[in-house]
Each structure stands twice: as structure tokens, then as C-alpha cells.
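Q: with the input below, show me the fold.
(one chain, ligands or ions: 1)
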Amino acid sequence: MRCLNFLPLILLIILSSKVLSQDIFDIESNCDPQDQVCNKIEQEFVNAGKIISNNLILNAKILVELIYEPLDDDTFGQTTPVLRIHDSPDTVQRLYPTALLKQLNITFEPDFVDIQVSINSNANNSYWFPGDPDIQSTQIDVSELALHELIHGIGFTSTWDFPEDQKFINFLTPRLNGLEDNGDPEDPIIFDGFFETVFDGFLVYIGSPTRNFITNITNSINSFTAKGTEFDNMDALNSKLLETQQQNVELMLTYATTKSSLGFLPTGSQDAIILDTSNPEFDFASSISHVSQDDYENTTEFLMTPHQKEGVTLQAQIQQTGNTPGGGIGPNLRSILGTLGYTINPNPPNNTNSNFQ
Ligand SMILES: [Zn+2]
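A: Just a heads-up that it's a prediction; the model follows:
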């Protein structure tokens, strides 16, 4: 009897652990079944998940909530990865996307999803889908948009931003207490630290005279007071921070708004990948969390530039940049993802149109 009970359990474990790499990304959308555009967008996210699964060795499901909704005019999509605090290999606690923690078999407080993506439902005329007639000069390829957004969702993301208290617009910090929302700025607040993402942990200053790891700046910023210190309100916290760390927090705003200042240094590499800091007005949605538009838009690394080119398809760009394997994920991007902690497939398949039926 014991054996009979035991056997199905083993089978169940074997079956459930065999997640096909093609099915790793589980896309749940709010699409009305009658809404053709929304359903085509959802299909492109499914395909983008397959491309990522061809580039990485993934073993745990990644849950994506796709919300089709009106966004600002200049936005096609925006992505929020669910983040949790975890010890980095250098023993610093950083914010990790749950999509990555799952692959590393690390337990965390779960959320409903790992990645939330919003796609602008007001921009339908700008969307081109594989299989449509020729792309127009005002259109973007949704297959590229979907891939771009999912890459943000699995960890290509920074937390450097202006303080939540909007009175302070002259400096940047990593995320206070690791939380997107620390509540009413007038309420008392306990300082638990400024938290970088795992991505931020590999940021370097690449201007002259010397290369510096930005995490050293974070370390200094975090020393402004002891963890556990209570402040009357957020204003008091930020004022104390400025008193002792003004140079560092203001320096980071300068870096983030000066072209060719920041890079991402992959593990084992001497060459930093240049990040986009060309916008003189810091914009959380585009500054730092992209590769340099000017340096990479016509290279194999075009995917994570801040502005997606109109009038050209993902497949055309792959061909124009040398037909490198990876389906739009270039070698530098693969090494960034490997540095974050993903296991890389060193030989991703050559590009085919099989994902774009
Ligand atoms: Zn982006």
C-alpha cells in the first residue's frame, strides 16, 4: 500500500519539475476575448518569453501580468518587476527580481506575479505585428516591444531615483527601505537602508579619471545614519542625508544626466556596457535602465536602448546587425543577464521566424 501511494507522488514530482522551457513565461492578460489587438499583443509576449527561454537556462515558471490600458502619449509600455531583498555574493543586501530568485531556488515572500507589464491601449495605430503588411514609418514592432519589456521584468532595472518626498529634486538615491512607497511623507519613518537592485550592483562610473563602482557611493550614502534610526518624517530623513552626503547624492544625479557617465560591468569583463544617461532631465523610466541609444542602436545590442525605432521590424534589425543568434538578445545583453545570476545558454538558436507565425 505504501508503495502504491508513493509511486503517484514520485510521478507527480517528475512531471511537475519538467517544465518545458517554452512554457516558462506564463502570461496572464486582461484582454477581452473579442479584442484582436490585445490578443495579438498577448501572443507576442508569449513569443518573447520563448526567445528569452532560448537564451537562458530557466527552470521555474515566471508569472507575467499583462495589463492593456491607457498610458501617457509617449509611452508604449512600462514594466514593474516584483523585487525582494536578498544577499548578493558581495554580502550586500540588494533587491532581486522574483523571476530570478525562483531560478536560483531561493525562497521569498511570494506575490501574485513576478512581472507586471502595462501596454498602452491608446497606441493601437502605432503597433505592427509579425504577419501584418509592411511596417509603416510611424509603427513599432510589438514583438520587439514585448521582448524589451520582459527583459526589464527579469532584472534589467535600477532603483536610483529622486526621493519620494517631491520637495527634493536635486539628488538621487537607491530605493529607501527597499520600498516603492514608504507611506505618508509626514509620518515618522524608520531608516532601514537604501537598496540598489542586483543590476545596480554592477554600475560603474566610466568617465575620467578613474572607474568607480557606484555601489561604493551607495555604501557611503547608507552610512549617513544607523539602520533603525527613527525620523519625525521623510523631510527630516532627507535633510539629515543631505547634511552628510550631499556630495555623493548630488554626484549621482550628475552622472545619471551626463552622457557616457555610467556603465554596467559584467563579471569577468574589463569593458563596461555604456548605459543611457544622455537625457539632461533625469527620467526614472529611461535613464540608467537602458543601454546608450547613440552607442548601440545600430548594433546587436539595439534591444535595450530607450527608444524603439519606428518603421523597422525586430527581424530586420537582427539581419541588419549581422544576424547574430539570440533572437534579438545580443551577446552583451546575455552577459548582463548572466552577471545578474541567470544561467546563460552559450549557444542560443539562430534566428528563425518560427516564433512569429
Ligand atoms: Zn525600456
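
Q: contacts, neighbours, all on C-alpha from now
A: Noted.

Q: what's the burial count for residue 272?
A: 19 (other Cα atoms under 10 Å).

Q: what residues are up against the closest residue in space to it that isn't next to it in sequence?
A: Of all residues not flanking residue 272 in the chain, residue 265 sits nearest, at 4.3 Å (Cα to Cα, 6 or more residues apart in numbering). By Cα atoms under 8 Å, 6 or more residues apart in numbering, the contact list for residue 265 reads 202-204, 271-273.

Q: residue 53 looks like it's in a helix, true?
A: Yes: secondary structure assignment places residue 53 in a helix (DSSP: H, G, I helix; E, B strand; the rest coil).

Q: that one contacts residue 24, doesn't it?
A: Yes: with contact defined as Cα atoms under 8 Å, residue 53 and residue 24 form a contacting pair (7.1 Å).

Q: contacts for stretch 235-243, please.
A: Contacts for stretch 235-243 (Cα under 8 Å, 6+ apart): 163, 165, 168, 185-186, 191, 221, 224, 231, 249.

Q: can I assume residue 28 sits in a strand?
A: Yes: assessed by three-state DSSP, residue 28 belongs to a strand.

Q: hmm, back to that, want to throw the contacts of stretch 235-243 into a markdown table with pLDDT, distance to residue 238 and secondary structure?
A: Shown next, in a markdown table, are the contacts of stretch 235-243 (pLDDT from 0 to 100; distance: Cα to Cα, whole Å; DSSP: H, G, I helix; E, B strand; the rest coil):
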| residue | pLDDT | distance to residue 238 | secondary structure |
| --- | --- | --- | --- |
| 163 | 95 | 8 | coil |
| 165 | 88 | 8 | coil |
| 168 | 90 | 8 | coil |
| 185 | 93 | 11 | coil |
| 186 | 94 | 12 | coil |
| 191 | 98 | 11 | coil |
| 221 | 97 | 11 | helix |
| 224 | 97 | 10 | coil |
| 231 | 98 | 10 | strand |
| 249 | 95 | 11 | helix |
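
Q: from those residues, which would you call buried?
A: Buried residues within these, counting neighbours by 16 or more other Cα atoms under 10 Å: 163, 185, 191, 221, 224, 231, 249.

Q: report the contact partners of the third one.
A: This means residue 191. Contacts of residue 191 by Cα under 8 Å, 6+ apart are 176-177, 226-231, 237.
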